[in-house]
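S.K.: Attaching a predicted model along with its sequence, questions to come.
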Amino acid sequence: MDKHAKKQLKRQAKALKRSLKRSLKEAGKAARKHQLEPVALDKKRLKSMTDQLVAQALELPPAQARVISLRPMNQDPMAFARRPFKKSPCKRCPALQGGLCACAIKKQKRAA
């Protein structure tokens, strides 16, 4: 299991713990309202319940990511000229200021 999966599992465990705690509190309020025996919010019991639920979640096989289709991103047709064409660019290369490199455009026109 990689770091990302472990981190996500910890978050899920915390959220589960919070929701269990909240539901136990609500059950206790309902029990008091109807004059029933209240449910004790025992930390050990709460921890054991969350540990059981997390263990059940770990037993399930993780969903395998599958590639359904690949499609190219919508790229700018002049994206090749957004960075300087040469290894050591011209001093006033427009690509250095966020423009289009003139050398790259010339090379593209010659190749076409």
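M.R.: Alright, I've got the coordinates.

S.K.: ok, then the element right after the lowest-mean-pLDDT helix or strand in the chain?
M.R.: In the chain, no helix or strand scores lower on mean pLDDT, DSSP states H and E than helix 43-59, which sits at a mean of 72. Using DSSP states H and E, the helix or strand that follows helix 43-59 in sequence is helix 102-111.

S.K.: buried sites along that next one?
M.R.: Using 16 or more other CB atoms under 10 Å as the test for burial, helix 102-111 gives 103, 104. C-beta here means a position set from N, CA and C on the backbone, and glycine is covered the same way.

S.K.: Could you shift the numbering so residue one becomes 18, and keep it that way?
M.R.: Shifting the count to begin at 18 puts that one at helix 119-128.

S.K.: Can I get that helix as CSV, trimmed to CA atoms?
M.R.: The C-alpha trace of helix 119-128 is given here as CSV (Å, rounded to 0.1, in the frame of the first residue of the first chain):
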residue,chain,number,x,y,z
ALA,A,119,10.5,33.6,-34.0
CYS,A,120,13.2,31.0,-34.6
ALA,A,121,10.8,28.1,-33.9
ILE,A,122,8.2,29.6,-36.2
LYS,A,123,10.7,30.0,-39.0
LYS,A,124,11.9,26.4,-38.6
GLN,A,125,8.3,25.1,-38.6
LYS,A,126,7.6,27.0,-41.8
ARG,A,127,10.7,25.6,-43.5
ALA,A,128,9.8,22.0,-42.5
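
S.K.: From the chain's centroid, how far away is the longest helix seen in the chain?
M.R.: Longest helix in the chain by number of residues (criterion: DSSP state H): helix 20-50. In terms of CA atoms, centre = their mean, to the nearest Å, the centre of helix 20-50 is set 21 Å apart from its chain centre.
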